[in-house]
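**Student:** 3D, please:
(one chain, ligands or ions: 2)
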Amino acid sequence: MKRKSQGLKQRPSHDTEREFGGTLGALCIPVLLPLTVMFLIGVSRSPEASLLQWPPALPSTDQLWDPLAPVLLLGWISLHALLYVLPLGKLSEGLVLRNGTRLKYPINGFHSLCISGMLLMLLLGLGAPLGSLFELLLPLAACAIAGSYLFSLYLYIRSFWVPSHALALGGNTGNPLYDFFIGRELNPRIGNFDLKYFCELRPGLIGWVVINLGMLMKEVELRGSPSLAMILVNSFQLLYVADALWNEDISKEAVLTTMDIVHDGFGFMLVFGDLAWVPFTYGMQAAFLVVHPQALSSLGAAAIIALNGVGYYVFRKSNSQKNQFRRDPTHPSVARLETIATATGKRLLVSGWWGLVRHPNYLGDLLMALAWSLPCGFSHLLPYFYVIYFAVLLIHREDRDERQCRAKYGLAWDTYCQRVPYRIFPYVY
Ligand SMILES: NC(=O)C1=CN([C@@H]2O[C@H](COP(=O)(O)OP(=O)(O)OC[C@H]3O[C@@H](n4cnc5c(N)ncnc54)[C@H](OP(=O)(O)O)[C@@H]3O)[C@@H](O)[C@H]2O)C=CC1
Ligand SMILES: CC(C)CCC[C@@H](C)[C@H]1CC=C2C3=C(CC[C@@]21C)[C@@]1(C)CC[C@H](O)C(C)(C)[C@@H]1CC3
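**Tutor:** Numbers count the residues shown, from 1 in each chain. Ligands and ions are numbered 1, 2, ... in the order given. Predicted coordinates for the structure are as follows:
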């Protein structure tokens with residue numbers, strides 16, 4: 001690769017505000033989170049399933065390797081890369097970049113989900129032992145983690161050959177450890193293939209529901225039929241993933257406007273998050289249920305379904321309201337909502353869902369997260385790991401978003417905060 005014109009040479013900005021605990025965070029997170037993945041998988045299949053057991057039970061090295069794991073993982077990524085480049089769905093434009101251009105993105109994630117689903121059904125019909133994913137979970141996670149390190153290294157190195165406007169504002173501090181972690185390049189692409197966008201929605205997110213299905217099949221192998229708890233966990237999480245892929249389209253909804261796509265560089269944090277953390281920890285409840293079956297009454301199941309329904313309603317309605325307003329503030333569904341003006345020309349909603357709390361979509365997401373854990377009963381903490389982690393992630397994300405909005409909207413943002421004082425939970429936080 002040739003270095004682009006000298007006039008565009010990037011200068012590290014040492015005074016950039018550092019996130020995720022700065023250099024210390026960048027040193028600890030890439031070590032601790034992969035260990036957490038291994039620890040959680042190990043604990044989920046131990047009879048005690050205790051998170052508090054000391055010393056923590058980490059799997060032995062021979063449990064981490066199976067030659068089938070890299071083959072399956074590479075096959076899965078290649079399948080999704082192929083589906084990504086197939087001329088299915090339409091092309092949408094992202095937001096305007098710093099150099100005034102807009103990138104084009106294929107909107108075919110839902111097609112990928114449906115095709116993956118059909119292929120899986122075919123494989124199951126042919127007698128493929130999907131339940132073996134249970135035994136392969138540790139080697140698969142180990143490969144995904146190793147792949148995340150290698151891929152992030154590639155992304156870090158290639159970022160030195162791109163022009164400065166292609167770098168993320170927060171990822172060019174000059175501290176190699178931090179920049180590797182947070183990501184230097186904003187939208188790394190090979191030709192038209194957008195690596196960040198591809199990883200954000202496809203292999204990991206769809207991989208998560210495939211692993212869940214594998215856990216369900218393992219339960220069928222062990223006990224003859226899937227339990228109600230397992231069916232609920234699988235259905236709720238499939239709904240969440242299908243919703244994300246269905247709403248990928250910018251002209252419908254707004255994955256292309258999330259802070260991960262618009263603001264964050266593509267470094268270890270997102271690579272590992274997308275390819276290892278999401279598929280191997282978000283489905284922890286299903287893995288837990290294989291070894292720790294739970295009896296669930298019809299009344300309990302009905303209450304949990306209702307909670308997931310309420311959470312989904314709040315999550316979807318609030319996200320849709322903001323996205324509709326962003327797209328067309330004169331649309332009848334949002335035109336009557338009260339707003340305040342900002343210096344950028346954009347208006348902020350202060351009524352409707354966004355007048356209830358400043359992040360109603362996070363509230364809905366957290367209610368759903370709780371509904372995913374409840375089918376696992378109250379005997380163990382492990383199935384509640386996701387809710388606890390997610391609350392921490394969203395509180396931290398909310399704080400990052402607030403700082404970005406305050407920088408963008410200044411006084412108007414402060415007025416919004418006065419009008420809508422609660423962040424996520426009405427009257428609590
Ligand atoms: N399952 C998971 O692991 C995760 C799920 N999520 C989910 O993803 C979804 C998207 O979340 P996220 O990307 O964090 O951001 P949000 O969808 O919450 O968007 C925040 C942005 O919305 C705009 N905005 C904020 N307040 C207002 C207002 N009052 N009026 C108009 N516009 C406003 C601002 O953007 P602008 O100035 O550009 O208009 C702000 O930066 C959420 O539902 C979240 O729960 C997120 C992270 C992880
Ligand atoms: C390991 C780290 C410290 C943190 C990793 C964070 C990532 C796991 C998440 C950051 C933003 C995400 C989003 C989704 C999944 C998790 C990650 C990648 C999302 C795709 C889930 C489905 C939603 O509907 C969404 C709005 C599309 C989400 C976008 C953000």
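**Student:** Give the burial count for G352, as a bare number.
**Tutor:** Neighbours of G352 under the rule other Cβ atoms under 10 Å: 19. Quick note: C-beta positions are derived from backbone N, CA and C, even for glycine.
**Student:** what's the answer for L32, then?
**Tutor:** Using other Cβ under 10 Å, L32 is surrounded by 11 other residues.
**Student:** how about the closest residue to ligand 2 within the chain, phi and psi?
**Tutor:** Minimum separation of the chain from ligand 2 (Cβ to the nearest ligand atom) falls at G273, amounting to 2.7 Å. With angles defined as degrees, to the nearest 10, G273 sits at phi -60, psi -50.
**Student:** what's it in contact with, if anything?
**Tutor:** Counting by Cβ atoms under 8 Å, 6 or more residues apart in numbering, G273 touches no other residue.
**Student:** The longest helix along the chain - contacts with which helices or strands?
**Tutor:** For the chain, the longest helix by residue count, based on DSSP state H, is helix 298-327. Packed against helix 298-327 by the contact rule (3 or more Cβ pairs under 8 Å, 6 or more residues apart in numbering; DSSP states H and E) you find helix 228-246, helix 332-335, strand 347-349, helix 353-356, helix 360-373.
**Student:** Looking at these, which is nearest to M215?
**Tutor:** Closest approach to M215 among these is made by helix 228-246 (7.0 Å; Cβ to Cβ).
**Student:** Centre of the chain to whatever helix or strand comes next after that closest one, how far?
**Tutor:** Remark: after helix 228-246, the chain's next helix or strand is helix 259-262, criterion DSSP states H and E. Relative to the centre of its chain, helix 259-262 is centred 12 Å away, using Cα atoms, centre = their mean, to the nearest Å.
**Student:** after helix 259-262, next one along is what?
**Tutor:** Following helix 259-262 in sequence order, the next helix or strand is helix 268-272 (DSSP H and E).
**Student:** thinking again about what came up before, can I get the helices and strands packed on helix 298-327 in TSV including distance to E221, mean pLDDT and mean neighbour count?
**Tutor:** Converted to TSV, those look like this (distance: least, Cβ to Cβ, whole Å; pLDDT from 0 to 100; neighbours: other Cβ atoms under 10 Å):
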stretch	distance to E221	mean pLDDT	mean neighbour count
helix 228-246	12	96	20
helix 332-335	48	90	13
strand 347-349	50	91	19
helix 353-356	44	94	18
helix 360-373	23	97	22
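**Student:** any idea of the mean pLDDT in stretch 157-175?
**Tutor:** For stretch 157-175, the mean per-residue pLDDT is 89.
**Student:** for that stretch, which positions count as buried?
**Tutor:** Across stretch 157-175, burial judged by 16 or more other Cβ atoms under 10 Å covers 159, 162, 166-168, 170-173, 175.
**Student:** Now do the end-to-end distance for that stretch.
**Tutor:** 13 Å (Cα to Cα, to the nearest Å).
**Student:** Am I right that F280 is in contact with F39?
**Tutor:** No: in this structure F280 lies outside contact range of F39 using Cβ atoms under 8 Å: 11.3 Å.
**Student:** out of the two, which sits in the more crowded spot?
**Tutor:** Counted by other Cβ under 10 Å, F280 and F39 do not tie: F280 has more neighbours, with 27 against 17.
**Student:** Now that one: closest residue in space, sequence neighbours ignored.
**Tutor:** In this structure, F280 finds its nearest non-sequential neighbour in A141, 4.4 Å apart by Cβ to Cβ, 6 or more residues apart in numbering.
**Student:** ok, now how distant is M215 from F20?
**Tutor:** Using Cβ to Cβ, to the nearest Å, M215 is found at 31 Å from F20.
**Student:** Please apply the same query to N187.
**Tutor:** Distance from N187 to F20, by Cβ to Cβ: 20 Å.
**Student:** So which of these two has more stuff around it?
**Tutor:** N187 (19 against 15).
**Student:** OK, contacts around the more buried one?
**Tutor:** Here N187 is in contact with 94, 97, 103, 166, 194, 196-197, 261, 266 (criterion: Cβ under 8 Å, 6+ apart).
**Student:** still on that earlier bit, hang on, the residue nearest to F280 is in a helix, isn't it?
**Tutor:** Yes: assigned with DSSP: H, G, I helix; E, B strand; the rest coil, A141 falls within a helix.
**Student:** what number of residues lie near it?
**Tutor:** Residues near A141, counting by other Cβ under 10 Å, number 25.
**Student:** and stretch 396-404, how far from the chain's centre?
**Tutor:** 16 Å.
**Student:** So for it, mean pLDDT?
**Tutor:** Mean predicted confidence for stretch 396-404 is 90.
**Student:** same deal with stretch 40-48?
**Tutor:** Mean pLDDT, computed over stretch 40-48, is 91.
**Student:** Which secondary structure element is home to E93?
**Tutor:** Using DSSP H and E, E93 falls in strand 90-96.
**Student:** ok, now L88?
**Tutor:** Using DSSP H and E, no helix or strand contains L88.
**Student:** Might you report the residue contacts of it?
**Tutor:** Contacts for L88 (Cβ under 8 Å, 6+ apart) come out as 106, 108, 111.
**Student:** what do you get if the cut-off is 10 Å, keeping everything else the same?
**Tutor:** Neighbour list for L88: 106-112, 114-115 [criterion: Cβ atoms under 10 Å, 6 or more residues apart in numbering].
**Student:** Now list the buried members of those residues.
**Tutor:** 106-112, 115.
**Student:** was I right about L201 contacting D243?
**Tutor:** No: in this structure, L201 is not within contact of D243 by Cβ atoms under 10 Å, at 11.5 Å.
**Student:** Between these two, which contacts overlap?
**Tutor:** With contacts defined as Cβ under 10 Å, 6+ apart, the residues shared by L201 and D243 are F110.
**Student:** domains for this structure, by residue range?
**Tutor:** 1-295, 296-429 (automatic domain parsing).
**Student:** buried subset of the contacts of N187?
**Tutor:** 94, 103, 166, 194, 196-197, 261, 266.
**Student:** on that earlier part again, can you list the helices and strands packed on helix 298-327 in CSV and add distance to ligand 2?
**Tutor:** Putting those into CSV (distance: least, Cβ to the nearest ligand atom, whole Å) gives the following:
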stretch, distance to ligand 2
helix 228-246, 3
helix 332-335, 19
strand 347-349, 18
helix 353-356, 15
helix 360-373, 8
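**Student:** Give me the phi and psi for I107.
**Tutor:** Torsion angles at I107 (phi, psi; degrees, to the nearest 10) stand at phi -100, psi 80.
**Student:** can you redo the helices and strands packed on helix 298-327 as CSV with distance to W54?
**Tutor:** Formatted as CSV, those follow (distance: least, Cβ to Cβ, whole Å):
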stretch, distance to W54
helix 228-246, 28
helix 332-335, 53
strand 347-349, 48
helix 353-356, 42
helix 360-373, 23
